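K.L.:
Starting from these lines, generate the structure:
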Amino acid sequence: MRRDRSMALPPREFFPRVRKTILPRPVVREKVPVFGQRGIVRASAATIYGSNWYHDQAQDLIEIWDAGAALCFADALPSKDLYVREGLYLQLTLAYRTTPNAFANIRTLSGNHVTLPNATEGSMYQDPATRFWVTDDCTININSIHRDERLWLQRVEWEWVSQEIVYEDELGRADLYATRTREEIEAVYATKPIDDETLKQLVVDRIRKDEAFARRCLLLLCEDRLGNDLVKLYGMLNGAPKQEQDR
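P.N.:
This next block holds a predicted model:
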């Protein structure tokens, strides 16, 4: 017997009139490009939301207590994906100062939640996670500050940095700067014709970056030799040990 689905609904009321949601009309603003290899944005230049903050104009600092304030730098920082094809990312560093026991917890520009070390003389917090992600809203949220303590935000420093890695134990021997030529960069943005050589290069580049794709290519090459042995095909695709593949 089929059960009437309406019978399973919980009891509810009927509302003849319901109030509509009131929101400000969205304003589409044209983003002004921010150029340069590095730069500084004052905290006072951010769009600040919430309460519990004060602009100290004498020192040009944003003073924050308790929690709730949010500083949006979306209009003051460069577009985060502007040079992604060149292998560059936006490295962001926050200059701040705190009272002795502030233990200020913030949501950083990479979207992570961190507790800033107390710094009565001022300090710099470099967000290492911006190498992987920068939030779309470019906003710092103040999650919490200890009662009667203060956090002062001065500026955000930004710089385009290469994704190439130098390990700390190589600092005395490795070159800290990636040298590039204009021809190399223009080749990255150049429109390439679709020919045999381009297709080969696309496949080779994908194989180098994507291990799963490389395994699938290997399956295509080995398909005739393996025949219909789907167990071996599945084992190779998922990187199973050779002992398991031979069972």
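K.L.:
Helix or strand next in line after the helix or strand in which residue 186 is found, which one?
P.N.:
According to DSSP states H and E, residue 186 maps onto helix 182-189. Using DSSP H and E, the next helix or strand after helix 182-189 towards the C-terminus is helix 196-209.
K.L.:
so where do the strands sit in the chain?
P.N.:
Assigned by DSSP state E, the chain shows strands spanning 38-42, 47-49, 53-56, 61-64, 70-72, 88-98, 105-107, 113-115, 123-127, 139-144, 151-162.
K.L.:
Which strands and helices lie in contact with the helix holding residue 186?
P.N.:
Counting contacts by 3 or more Cβ pairs under 8 Å, 6 or more residues apart in numbering; DSSP states H and E, helix 182-189 packs against no other helix or strand. C-betas here are computed from N, CA, C, even on glycine.
K.L.:
what's the average pLDDT for that helix?
P.N.:
Helix 182-189 carries an average pLDDT of 90.
K.L.:
got it, and stretch 218-228?
P.N.:
Computed over stretch 218-228, the average pLDDT equals 67.
K.L.:
Report the contact partners of residue 155.
P.N.:
40, 41, 42, 43, 94, 95 (Cβ atoms under 8 Å, 6 or more residues apart in numbering).
K.L.:
Give me the phi and psi angles of the residue positioned nearest the centre of the chain.
P.N.:
The centre of the chain sits closest to residue 133, judged by Cα atoms, centre = their mean, with a distance of 1.2 Å. The phi/psi pair for residue 133 (degrees, to the nearest 10) reads phi -160, psi 140.
K.L.:
Now it: closest residue in space, sequence neighbours ignored.
P.N.:
Leaving aside its sequence neighbours, residue 133 sits nearest to residue 110 (Cβ to Cβ, 6 or more residues apart in numbering; 5.5 Å).
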